[in-house]
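Novice: please find the sequence and the predicted model below.
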Amino acid sequence: MKEKSCSGAKAADRAAPVIAVEECKACGRCVRACPEGLLSMSKQFNRRGYRYAEYAGQGCTGCGLCFFSCPEPHALKVIRPERKQ
Ligand code: SF4
Ligand code: SF4
(Lines give C-alpha, C1' and ligand atoms only; values in the text may rest on other atoms or scores of the structure.)
(Ligands and ions follow the chains in the order given, each with its own letter.)
Protein backbone atom coordinates (compact mmCIF):
# COMPACT_ATOMS: atom_id res chain seq x y z
CA MET A 1 0.00 0.00 0.00
CA LYS A 2 1.28 3.44 -0.88
CA GLU A 3 2.13 5.47 2.20
CA LYS A 4 0.18 8.64 2.79
CA SER A 5 2.13 11.83 2.40
CA CYS A 6 1.29 15.41 3.09
CA SER A 7 2.32 18.11 0.64
CA GLY A 8 0.84 21.36 -0.45
CA ALA A 9 2.62 21.30 -3.78
CA LYS A 10 0.06 22.11 -6.41
CA ALA A 11 2.47 22.65 -9.26
CA ALA A 12 5.71 20.95 -10.15
CA ASP A 13 7.56 24.27 -10.25
CA ARG A 14 7.03 25.17 -6.58
CA ALA A 15 9.22 24.31 -3.63
CA ALA A 16 7.37 22.39 -0.92
CA PRO A 17 7.99 20.07 2.01
CA VAL A 18 6.61 16.55 1.68
CA ILE A 19 5.88 14.78 4.94
CA ALA A 20 5.59 10.98 5.10
CA VAL A 21 2.78 10.90 7.62
CA GLU A 22 3.46 7.40 8.92
CA GLU A 23 7.16 8.12 9.55
CA CYS A 24 6.63 11.30 11.56
CA LYS A 25 7.15 11.01 15.34
CA ALA A 26 5.69 14.39 16.26
CA CYS A 27 8.90 15.86 17.68
CA GLY A 28 7.98 19.28 16.30
CA ARG A 29 11.54 20.20 15.28
CA CYS A 30 10.55 21.07 11.73
CA VAL A 31 7.74 23.27 13.03
CA ARG A 32 10.22 25.27 15.10
CA ALA A 33 12.82 25.30 12.32
CA CYS A 34 10.71 26.80 9.53
CA PRO A 35 11.55 30.52 9.35
CA GLU A 36 8.31 31.17 7.49
CA GLY A 37 6.08 29.47 10.08
CA LEU A 38 4.56 27.18 7.48
CA LEU A 39 4.53 23.91 9.41
CA SER A 40 2.27 22.82 12.25
CA MET A 41 1.24 19.62 13.98
CA SER A 42 -1.90 17.82 12.84
CA LYS A 43 -4.98 17.31 14.97
CA GLN A 44 -5.22 13.75 13.65
CA PHE A 45 -2.93 10.85 14.54
CA ASN A 46 -1.06 8.52 12.21
CA ARG A 47 -1.29 4.73 12.51
CA ARG A 48 1.49 4.72 15.10
CA GLY A 49 -0.43 7.11 17.29
CA TYR A 50 1.60 10.24 16.61
CA ARG A 51 0.44 13.59 15.38
CA TYR A 52 2.34 14.56 12.24
CA ALA A 53 3.70 17.69 10.65
CA GLU A 54 1.51 19.49 8.13
CA TYR A 55 2.41 22.13 5.56
CA ALA A 56 0.31 25.27 5.22
CA GLY A 57 0.18 24.69 1.48
CA GLN A 58 2.04 27.70 0.10
CA GLY A 59 4.94 30.01 0.79
CA CYS A 60 7.79 27.50 0.98
CA THR A 61 11.12 29.00 -0.10
CA GLY A 62 12.85 25.62 -0.34
CA CYS A 63 15.41 26.60 2.29
CA GLY A 64 15.60 23.02 3.58
CA LEU A 65 15.80 23.89 7.28
CA CYS A 66 12.88 21.61 8.09
CA PHE A 67 14.61 18.71 6.33
CA PHE A 68 17.86 19.22 8.21
CA SER A 69 16.07 19.48 11.55
CA CYS A 70 14.17 16.20 11.18
CA PRO A 71 15.68 13.24 13.06
CA GLU A 72 13.59 10.66 11.19
CA PRO A 73 15.39 9.53 8.01
CA HIS A 74 12.31 9.16 5.83
CA ALA A 75 9.77 11.50 7.39
CA LEU A 76 10.38 14.72 5.52
CA LYS A 77 11.88 15.85 2.25
CA VAL A 78 11.77 19.12 0.38
CA ILE A 79 10.99 19.39 -3.30
CA ARG A 80 13.12 22.07 -4.87
CA PRO A 81 12.52 22.30 -8.61
CA GLU A 82 15.43 23.28 -10.78
CA ARG A 83 15.46 26.95 -11.53
CA LYS A 84 14.76 27.68 -15.17
CA GLN A 85 17.59 29.45 -17.02
S1 SF4 B 1 11.91 24.29 3.14
FE2 SF4 B 1 12.16 26.09 4.51
S3 SF4 B 1 10.40 27.45 4.04
FE4 SF4 B 1 9.93 25.39 3.19
S5 SF4 B 1 8.72 24.39 4.82
FE6 SF4 B 1 10.89 23.77 5.09
S7 SF4 B 1 11.76 25.25 6.56
FE8 SF4 B 1 9.79 26.11 5.79
S1 SF4 C 1 10.98 16.97 12.45
FE2 SF4 C 1 10.38 15.08 11.35
S3 SF4 C 1 9.65 13.67 12.93
FE4 SF4 C 1 9.72 15.73 13.85
S5 SF4 C 1 7.62 16.57 13.55
FE6 SF4 C 1 8.83 17.22 11.77
S7 SF4 C 1 8.52 15.61 10.16
FE8 SF4 C 1 7.85 14.78 12.16
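Specialist: All right, it came through fine. Numbering: from 1, shown residues only. Ligands and ions are numbered 1, 2, ... in the order given.

Novice: what residues does the protein put near ligand 2?
Specialist: For the chain, the residues in contact with ligand 2 (Cβ under 6 Å from any ligand atom) are 19, 24-30, 52-53, 69-70, 72, 75-76. Backbone N, C-alpha and C define where each C-beta goes, glycine included.

Novice: tell me where the protein has strands.
Specialist: 5-7, 16-20, 39-41, 53-55, 76-79 (DSSP state E).

Novice: what's the spacing between the closest residue to Cys27 other than its chain neighbours and Cys24?
Specialist: With Cβ to Cβ, 6 or more residues apart in numbering as the criterion, Cys27 has its nearest non-adjacent residue at 6.4 Å, and that residue is Pro71. As defined by Cβ to Cβ, to the nearest Å, Pro71 lies at a distance of 11 Å from Cys24.

Novice: one more: Leu38?
Specialist: 16 Å.

Novice: His74 too?
Specialist: 10 Å.

Novice: of these two, which one has the most company?
Specialist: Comparing His74 with Cys24 by other Cβ atoms under 10 Å, the one with more neighbours is Cys24, at 25 against 11.

Novice: give me the pLDDT for Lys10.
Specialist: Lys10 is assigned 52 on the pLDDT scale.

Novice: cool, and Ser40?
Specialist: Looking at Ser40, its pLDDT reads 98.
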